[in-house]
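Novice: predicted model and sequence below, questions to follow.
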Amino acid sequence: MKGGLFPLIAAACMSSALAQHAAQGSLNGGPQFDFNYLPALSKPAESLQQGRVLKLQARLVWDGSTNAQVTTEQHAVVAFTHRGATNSLQNNAGEVLWTHGAGAIVGERGLALELWYRTDMAGNGYDDDLANAIVWSQYNNHCAEDVLGTIPPGVMCLSATPSGSSYITQDPNFTLRTGVAYWLRVSITPAASGWATLYADLIEEMNPALPVQSAAVNFQTATFFPMAGQQFSASVARASVTSYQPTVQYVAFDYGF
């Protein structure tokens, strides 16, 4: 959505979401990655093949007094995911962390896109393979970085212009603050055969709503959602931090955009 109608539409959706939210909870700050799966918002395995768009958004608030800047490196996640290993980190519900998926993050550096995967090196499943993820942000010249450091500099770079399906816009003055609501929206749209497009928006809840950044990237579906027959699990998470940080409260739903 672009133009003057955006703040009005976004504000209306936010009001509706608060009245009819589909899932809510909290994500703890601390040395362990905290995550929750949202079964009511998950989508059937055949969704993309049938041409359906996967949608998920969450209203995220870092606990604390309003406008206190969060400077410790950290982020919250909204994503659709697959679980391919039995030996991953577990959450408080005893569920294992995803190995694959596509989504977006918001942290002290603003919006980023992220694709999670493992490479089955021995062909015997993912339990013995290292977890990796590809990330695009407004930094690093909009080029791809990965957790394991295998991607060379200047590769798979996105445009700063919001057009097409390969971009990430900039907001170099963005600051993450406690007590402020951030809306992180993710949609995955079927593209050419075997491909999909990940779109994301970051909105700051003000009066009117303030669009902060948007982004998009194409990806091969089988690489990041390889478990045939497994549903697309709606997922929210909070990255681990070196010391205690404020709890993140979330309200998540799959409509309104």
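Specialist: Looks like it arrived, so ask away.
Novice: tell me which stretches of the stretch 101-250 of the chain form strands.
Specialist: Along the stretch 101-250 of the chain, counting by DSSP state E, counting those that start in this stretch, strands occupy 110-118, 131-137, 145-146, 167-168, 181-190, 195-204, 210-220, 233-238, 248-253.
Novice: quick one: the residue nearest the centre of the chain from residue 73, how far?
Specialist: In the chain, the residue lying closest to the centroid (CA atoms, centre = their mean) is residue 104, at 2.4 Å. From residue 104 across to residue 73, the span is 17 Å (CB to CB, to the nearest Å). Any C-beta I mention is one placed from the backbone N, CA and C, and that applies to glycine too.
Novice: and what of residue 117?
Specialist: Using CB to CB, residue 117 is found at 22 Å from residue 73.
Novice: who has more neighbours, the two?
Specialist: Applying other CB atoms under 10 Å to residue 117 and residue 73 shows that residue 117 carries more neighbours, namely 23 against 12.
Novice: the more buried one bridge partners, please.
Specialist: With DSSP bridges as the criterion, residue 117 is bridged to residue 132.
Novice: surely it is in contact with residue 99?
Specialist: Yes. Using CB atoms under 8 Å, residue 117 is in contact with residue 99, at 7.2 Å.
Novice: who touches both of the two?
Specialist: Common neighbours of residue 117 and residue 99 (criterion: CB atoms under 8 Å, 6 or more residues apart in numbering): none identified.
Novice: follow-up on the earlier one: contacting residues around the residue nearest to the centre of the chain?
Specialist: 77-79, 111-114, 184-186, 198, 200, 202, 215.
Novice: try it again with 10 Å
Specialist: Shown in contact with residue 104 (CB atoms under 10 Å, 6 or more residues apart in numbering): 56-58, 75-79, 111-114, 136, 184-187, 198-202, 213-215.
Novice: same question for residue 234.
Specialist: 22-23, 36-43, 54-56, 58, 78-81, 103, 186, 252-254.
Novice: can you list the buried residues in stretch 103-112?
Specialist: 103-107, 109-112 (16 or more other CB atoms under 10 Å).
Novice: what does stretch 191-200 give?
Specialist: Buried residues in stretch 191-200 (16+ other CB under 10 Å): 191, 196-200.
Novice: residue 46 and residue 102, how far apart?
Specialist: In terms of CB to CB, residue 46 sits 17 Å off from residue 102.
Novice: who has more neighbours out of the two?
Specialist: Neighbours per residue (other CB under 10 Å) separate residue 46 from residue 102, with residue 102 holding more: 28 against 12.
Novice: hang on, that one packs against residue 81?
Specialist: Yes. Using CB atoms under 10 Å, residue 102 is in contact with residue 81, at 8.0 Å.
Novice: now the common contact residues for these two.
Specialist: With CB under 10 Å, 6+ apart, residue 102 and residue 81 have common neighbours 116, 224-225, 232.
Novice: filter these down to the ones in helices?
Specialist: Of those, the ones assigned to helices by DSSP state H are residue 224.
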